[in-house]
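**Q** no sequence for this one, just the structure:
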């Protein structure tokens with residue numbers, strides 16, 4: 001069975017980040033490339049948000065399961081560290097999903113001007129550089145008083 005790159009990408013768009021289940025690995029920018037050779041062999045290229053990201057083994061397993069569920073068995077998953085992942089690889093849809101989920105999306109313009117994903121206030125304060133995962137910081141909104149994660153820029 002020969003399958004197209006776009007068909008594989010559609011299948012992989014259903015693979016969610018295990019730490020943020022509302023965003024796909026494609027929208028997060030972890031999915032770097034899908035290569036389909038003339039004989040139908042598939043290579044899925046992924047990049048961790050951080051070197052040593054503990055979610056990568058689960059993401060690889062989820063990719064493996066998603067492809068096998070569709071009857072695709074002739075593939076490999078390649079993890080690359082260079083070029084490094086960056087929040088620039090996130091889609092606008094992915095950033096919107098983060099916000100809807102309660103995580104402030106990256107703000108490359110000014111990381112000190114973070115909007116609360118709960119009430120929209122910019123009257124927020126950094127509590128800790130370390131949030132629920134290594135790729136997030138913990139903030140608090142001074143208006144609604146809710147704590148929230150902020151997805152750090154890289």
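**A** Yes, it's here. What you see is a predicted model, and the numbers here were worked out from it, not measured in a lab. Numbers count the residues shown, from 1 in each chain.

**Q** just the pLDDT for the closest residue to residue 79 other than its chain neighbours.
**A** Of all residues not flanking residue 79 in the chain, residue 46 sits nearest, at 5.6 Å (Cβ to Cβ, 6 or more residues apart in numbering). The C-beta positions use only the backbone N, C-alpha and C, and glycine is treated the same way. In this model, residue 46 is scored at 97, pLDDT.

**Q** pretty sure residue 46 sits against residue 29.
**A** No. Using Cβ atoms under 8 Å, residue 46 is not in contact with residue 29, being 9.9 Å away.

**Q** residue closest to the middle of the protein?
**A** Nearest to the mean C-alpha position of the chain, by Cα atoms, centre = their mean, lies residue 28 at 2.7 Å.

**Q** wouldn't that residue be in contact with residue 48 here?
**A** No. Under the criterion of Cβ under 8 Å, residue 28 makes no contact with residue 48, lying 10.5 Å away.

**Q** which strand or helix spans residue 44?
**A** Secondary structure from DSSP states H and E places residue 44 in strand 42-46.

**Q** ok, residue 116 - contacts?
**A** The contact partners of residue 116, by Cβ atoms under 8 Å, 6 or more residues apart in numbering, come to 104, 122-124, 139, 141, 143-144, 146, 148.

**Q** any idea which element it lies in?
**A** Here residue 116, judged by DSSP H and E, is contained in no helix and no strand.
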